[in-house]
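*Asks:* Next one to model:
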Amino acid sequence: ADGKAGEAATDSVQKSKEKEAIEQPTTANPDKLPFPISIDAPADLAALLHEHLSIINRQTEPDADIDQEQMQFLAEEAPDEIKQIVRSQGYFRADIQVAPHGRGWRITVKPGPRTQVSNVEVSIVGKVLEDTELANYYKRAMANWALPVGQPFVNSEWSSSKDAVLSAVRRYKYPLASLTESRATINPQTSQAVLSVSVDSKQPVYFGDIQVSGNERYPASVITGMAQFKPGEPYDFDKILDYQQALEQDSHYSRAQVEADFSKMVDDRVPLLVSVSEVPRQKFDIGLRYDSKDGPGIRLGYEHYNVFNRGYVFAAATDLAGYQKASSIGLSQPRNSNGWYWTGNIAYDSSTTQKLDKNTLQSGIWRVRDRDNIESRIGIEFIAEDSRIPNSHINFGRSYATMLTASWKRQRLETLLRPANGYYLSGKIGTTLGSLLSSAPMIRVHGSAGYYYTPENKKLGTWVARGEIGYVHTNQKFEDGNVPSSLMFRSGGASSIRGY
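*Replies:* Now for the predicted structure:
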């Protein structure tokens, strides 16, 4: 057997799934159908038969109008249909009986021994044999192989294993790779399966030029600067996905699509087609809110996405509420092809937190590099703060600091909006130059990390472990008020671990 029968069974099962998803939102009890069907089989097979057998599904279709003659025809076809389903689960010596039973039929399945995988042969040939990374291609190919030796043969897992091998080669440098052989040799007498897969990598492929369409308001350099690769670098499907995600998240665009155009390959270079939908050049927003404790509040915002006609983004916002007043302005340039860009802002905040009135002015300018899921930045930051306890004569006076800072953050998360698996690491260090433009010399370090894990059983939810550490060093007493409280750490509240 070459596995085609099993593949046909899987296709039949898949089509039944699609049909049932559209036409039958719930599964009826086979014993209560117009023509009752009883199934005597192991629980896992019985569940598959209940779900996919035509003799059951035809009776549960909306407005089903089926008679005895049609049911007799389905009953005659049922043994072959059952055989395909049980074979897809590795049972090639099943004893199947379909017999009349009252007004309906009784199905009996004795599956017999289950076929086990006795040997796996995977070969990758072609130009990849000359690649120094050949071992890594094999490693990635087998990382998602679902049918190791000793496992029961299941046709869906056989299909996914073939896809895993092909995908491992295609994702990086060899996107033209193809399956040259895929064979599942089944021996029903010994209940053993020998699986063999061969992939021809074809020629290596490299990135060509980026061809942009849809850009009218903003320069093409905004788009090309988002790419974390250059023409001539090896084709990498993951980098294409990252590129599209970066464009979709950029404030200049509402939609983006990136694809390699293999029909226009020249030698070993494949061009990338980038299509975008731009947002309007300017945006103004207003937000209203009400808090039972703080009362009403309002937020006003303005953004301009093409300052100097170079795609620079300017943003300004004002937030007014009962216990907080804040305003900020910022300017950021687009990222270049190496991932670098400049950004800066000025922000003022007046608030009351835990019986402390505080007026804070912060500003900074940073040189940022965002590439390969790593964001690093160096810059200079200034913070000035007045703080006092309201309704008292206690005034901590003014404190300020001018600091050279460096930070680093790496994150590998499946999705940023709702992380399911992955991790992030971040660290930052800042120091004043003695008392130069600072009320006290100080050094501040801060680090945080988080890990997300979602088991295969989604009902168990997502498990999160996270930690944070920070330290401020100065040669002065904190109670003297020479260190801005914004640079220190609170044990509680939204910005602390306990306040999560």
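*Asks:* Show me which residues of the top strand by length along the chain are buried.
*Replies:* Criterion DSSP state E: the longest strand present in the chain is strand 395-413. In terms of neighbour count (16 or more other CB atoms under 10 Å), strand 395-413 has its buried residues at 396, 399-403, 405, 407-409, 413. Using the backbone N, CA and C atoms, a C-beta is placed for each residue, glycine as well.
*Asks:* and if you look at stretch 227-236?
*Replies:* Of all the residues in stretch 227-236, those buried under the rule 16+ other CB under 10 Å are 227-229, 234-236.
*Asks:* ok, residues contacting that stretch?
*Replies:* The contact list for stretch 227-236 (CB atoms under 8 Å, 6 or more residues apart in numbering) reads 171-175, 204-210, 239, 242-243, 246, 260, 269-270, 272, 337, 339, 371-372.
*Asks:* how about that stretch as CSV, C-alpha atoms only?
*Replies:* Output in CSV follows, covering the C-alpha atoms of stretch 227-236 (Å, rounded to 0.1, in the frame of the first residue of the first chain):
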residue,chain,number,x,y,z
ALA,A,227,12.9,45.3,6.0
GLN,A,228,15.3,43.5,8.3
PHE,A,229,17.2,42.1,5.3
LYS,A,230,18.9,43.4,2.1
PRO,A,231,19.0,42.3,-1.5
GLY,A,232,21.4,39.5,-1.9
GLU,A,233,20.7,37.9,1.5
PRO,A,234,19.3,34.3,1.5
TYR,A,235,15.6,34.0,1.2
ASP,A,236,13.9,33.7,4.6
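*Asks:* From the chain's centroid, how far away is that stretch?
*Replies:* For stretch 227-236, the distance from its own C-alpha centre to the chain's C-alpha centre is 21 Å (CA atoms, centre = their mean, to the nearest Å).
*Asks:* Tell me who's in contact with Lys139.
*Replies:* Not one residue lies near Lys139 by CB under 8 Å, 6+ apart.
*Asks:* quick one, phi/psi of it?
*Replies:* Dihedral angles of Lys139 (phi, psi; degrees, to the nearest 10) stand at phi -60, psi -40.
*Asks:* what ranges do the helices span in the stretch 201-350 of the chain?
*Replies:* Applying DSSP state H, counting those that start in this stretch to the stretch 201-350 of the chain gives helices spanning 220-224, 237-249.
*Asks:* Looking at the ones you listed, which one is packed in the most?
*Replies:* Using mean count of other CB atoms under 10 Å, the stretch among the helices of the stretch 201-350 of the chain with the greatest mean number of neighbours is helix 220-224 (a mean of 20).
*Asks:* Remind me what that helix packs against, helices and strands.
*Replies:* Contacts of helix 220-224 with other secondary structure elements, assessed using 3 or more CB pairs under 8 Å, 6 or more residues apart in numbering; DSSP states H and E, are made with strand 206-213.
*Asks:* Closest to Ser277 out of the buried residues of stretch 227-236?
*Replies:* Ala227 (18.3 Å; CB to CB).
*Asks:* State the distance from that closest one to Leu272.
*Replies:* The gap separating Ala227 from Leu272 is 8 Å, by CB to CB, to the nearest Å.
*Asks:* got any residues that touch both of those two?
*Replies:* Both Ala227 and Leu272 are contacted by 210, 243, under the criterion CB under 8 Å, 6+ apart.
*Asks:* mind listing the strands for the stretch 251-400 of the chain?
*Replies:* When assigned using DSSP state E, counting those that start in this stretch, the strands of the stretch 251-400 of the chain occupy the ranges 253-260, 269-278, 282-291, 295-307, 312-320, 324-332, 340-352, 357-371, 374-388, 395-413.
*Asks:* How far does the shortest one sit from its chain's centre?
*Replies:* Spelled out, it's strand 253-260. Using CA atoms, centre = their mean, we find the averaged C-alpha position of strand 253-260 to lie 17 Å away from the chain's own average C-alpha position.
*Asks:* what do you get for the longest one?
*Replies:* Averaging C-alpha positions (CA atoms, centre = their mean) puts strand 395-413 30 Å from its chain's average.
*Asks:* So for Ile124, what's the nearest residue that isn't a sequence neighbour?
*Replies:* Spatial nearest neighbour of Ile124, chain neighbours left out: Val199 (5.1 Å); criterion: CB to CB, 6 or more residues apart in numbering.
*Asks:* State the helix or strand in which the one you found lies.
*Replies:* Under the criterion of DSSP states H and E, Val199 resides in strand 192-200.
*Asks:* picking that back up, neighbours of the residue nearest to Ile124, just the number please.
*Replies:* Neighbour count of Val199, defined by other CB atoms under 10 Å: 27.
*Asks:* partner residues bridging it?
*Replies:* Ile124, Leu179 (DSSP bridges).
*Asks:* picking up where we left off before, adding mean pLDDT and distance to Ala184 as columns, could you present the strands of the stretch 251-400 of the chain in JSON lines?
*Replies:* Output for the strands of the stretch 251-400 of the chain, formatted as JSON lines (pLDDT from 0 to 100; distance: least, CB to CB, whole Å):
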{"stretch": "strand 253-260", "mean pLDDT": "94", "distance to Ala184": "32"}
{"stretch": "strand 269-278", "mean pLDDT": "95", "distance to Ala184": "33"}
{"stretch": "strand 282-291", "mean pLDDT": "92", "distance to Ala184": "57"}
{"stretch": "strand 295-307", "mean pLDDT": "94", "distance to Ala184": "55"}
{"stretch": "strand 312-320", "mean pLDDT": "95", "distance to Ala184": "55"}
{"stretch": "strand 324-332", "mean pLDDT": "95", "distance to Ala184": "55"}
{"stretch": "strand 340-352", "mean pLDDT": "93", "distance to Ala184": "51"}
{"stretch": "strand 357-371", "mean pLDDT": "93", "distance to Ala184": "43"}
{"stretch": "strand 374-388", "mean pLDDT": "94", "distance to Ala184": "43"}
{"stretch": "strand 395-413", "mean pLDDT": "92", "distance to Ala184": "35"}
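*Asks:* Turn those into a markdown table, columns for distance to Gly434.
*Replies:* Output for these, formatted as a markdown table (distance: least, CB to CB, whole Å):
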| stretch | distance to Gly434 |
| --- | --- |
| strand 253-260 | 45 |
| strand 269-278 | 48 |
| strand 282-291 | 43 |
| strand 295-307 | 36 |
| strand 312-320 | 34 |
| strand 324-332 | 29 |
| strand 340-352 | 24 |
| strand 357-371 | 19 |
| strand 374-388 | 15 |
| strand 395-413 | 10 |
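*Asks:* Out of these, which is closest to Val98?
*Replies:* Here strand 253-260 is closest among the strands of the stretch 251-400 of the chain (CB to CB), at 49.3 Å.
*Asks:* same for that closest one, what does it pack against?
*Replies:* Using 3+ CB pairs under 8 Å, 6+ apart, strand 253-260 is in contact with helix 237-249, strand 269-278.
*Asks:* so what strands line up beside that strand?
*Replies:* The partner list of strand 253-260 in its sheet, established with DSSP bridges, is strand 269-278 (antiparallel).
*Asks:* since we're on the closest residue to Ser198 other than its chain neighbours, how many residues are nearby?
*Replies:* The shortest distance from Ser198 to any residue other than its chain neighbours is 4.1 Å, reached at Glu181 (CB to CB, 6+ apart). Using other CB under 10 Å, Glu181 has 11 neighbouring residues.
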